[in-house]
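[1] the following comprises the amino acid sequence and a computationally predicted model.
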Amino acid sequence: MNALLPKNPFATRFTRPEAMSFQCPVDQRAVGRDASPSDEQEATLPNSLCDASGLCRQLVQNLKSVRFGLIVGPHGSGKTTLLHTLMPYLISTFESDGISQVRQLQLTMPLESNPWSRFRHARDSAHAVADCLHGLPRGSLLVIDGVEQLRRRDLRSIVRKVGRRGVFLLATSHFRVVGISVLHQTEVDVMLIRSLAECLLDQASPAVVEVVSRELEGRDLSGLTNVRDLWFELYDIVQDHLLVDPMNLKDVRDGCSVVSSHGSQHAGDPKC
């Protein structure tokens with residue numbers, strides 16, 4: 001976005017996982033489990049643990065108990081954001097002895113979606129996890145974001161290696177994984193979406209706030225699970241508003257032009 005335009009609050013630098021703090025809906029659940037992955041009992045968090053700090057402390061405590069923990073939820077529901085919010089608590093707990101380490105690996109699906117590219121990605125991801133695990137002292141923590149991208153046999157092998165080395169494992173996945181206990185399930189509700197949008201709009205201009213509020217009011221958010229895609233859509237809507245607002249298209253004398261996120265160009269000074 002051109003520096004002459006007001007900031008778009010839904011730009012990636014504001015919505016990426018490390019830029020946002022995780023917010024937990026009041027009715028979300030953290031799963032309390034025994035070491036056995038077949039245990040399906042769930043324990044509702046008390047209201048005092050619905051804030052991020054309380055949830056993070058509870059998750060670390062549960063992870064210490066089960067050793068292999070999973071954060072599960074749909075794409076774009078906040079799993080990676082929760083990991084970033086959780087990381088200081090993990091480092092404080094697992095690196096407290098000065099010997100153990102916390103290593104994190106994020107697996108990202110390739111843009112190409114064909115059998116060969118998926119096979120190579122799964123193979124390379126397994127090698128990357130093995131390299132990350134190599135040399136980790138006993139009592140350390142390995143964090144894998146996107147563990148569902150591994151082949152099942154590779155994942156089973158990694159779980160066995162982690163267990164033999166005495167290392168803890170925390171992973172995120174779109175679905176449950178055999179052998180890893182579910183610690184938390186990320187969910188999206190209307191109140192959460194509106195709360196996150198308000199945080200992003202905190203420093204936005206009144207006109208942008210009005211455009212976004214009108215857009216959200218006109219949508220049925222009750223069935224939405226992918227918040228990341230919503231931010232992408234709102235970015236385009238805000239960007240289009242900024243580019244057509246006459247106050248943003250005034251003549252500029254610095255030899256520049258205004259270019260939208262889609263590549264369309266609006267002429268500035270004819271001397272450019």
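    Alright, I've got the coordinates. Numbers count the residues shown, from 1 in each chain.
[2] helices along the stretch 51-200 of the chain, start to end?
    Ranges of helices in the stretch 51-200 of the chain, per DSSP state H, counting those that start in this stretch, are 52-66, 79-94, 115-133, 152-165, 190-200.
[3] any low-confidence regions in the chain?
    1-6, 25-51, 245-272 (pLDDT under 70).
[4] tell me the domain ranges of it?
    Residue ranges for each domain of the chain read 17-185, 190-248, as given by automatic domain parsing.
[5] thinking again about what came up before, the helices of the stretch 51-200 of the chain: which one's closest to residue 180?
    Comparison of the helices of the stretch 51-200 of the chain against residue 180 by Cβ to Cβ identifies helix 152-165 as nearest, at 6.9 Å. C-beta: built from backbone N, CA, C; applies to glycine.
[6] dump the closest one to CSV, keeping only the CA atoms.
    Provided in CSV are the C-alpha atoms of helix 152-165 (Å, rounded to 0.1, in the frame of the first residue of the first chain):
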residue,chain,number,x,y,z
ARG,A,152,1.1,-40.9,9.1
ARG,A,153,4.1,-43.4,9.2
ASP,A,154,6.5,-40.5,9.5
LEU,A,155,4.5,-39.0,12.3
ARG,A,156,4.3,-42.3,14.2
SER,A,157,8.1,-42.6,13.8
ILE,A,158,8.7,-39.1,15.1
VAL,A,159,6.4,-39.7,18.1
ARG,A,160,8.4,-42.8,19.0
LYS,A,161,11.7,-41.0,18.6
VAL,A,162,10.5,-38.1,20.8
GLY,A,163,9.4,-40.6,23.5
ARG,A,164,12.8,-42.5,23.4
ARG,A,165,14.7,-39.2,23.8
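[7] list the buried ones in that helix?
    Residues 154, 155, 158, 159, 161, 162, 165 are the ones in helix 152-165 that count as buried (16 or more other Cβ atoms under 10 Å).
[8] so the fifth one touches residue 132, yeah?
    No: no contact is recorded between residue 161 and residue 132 when judged using Cβ atoms under 8 Å, the distance being 11.2 Å.
[9] before we move on, the earlier item: which one of the helices of the stretch 51-200 of the chain lies closest to residue 13?
    Comparing the helices of the stretch 51-200 of the chain under Cβ to Cβ, the one sitting nearest is helix 190-200, at 11.3 Å.
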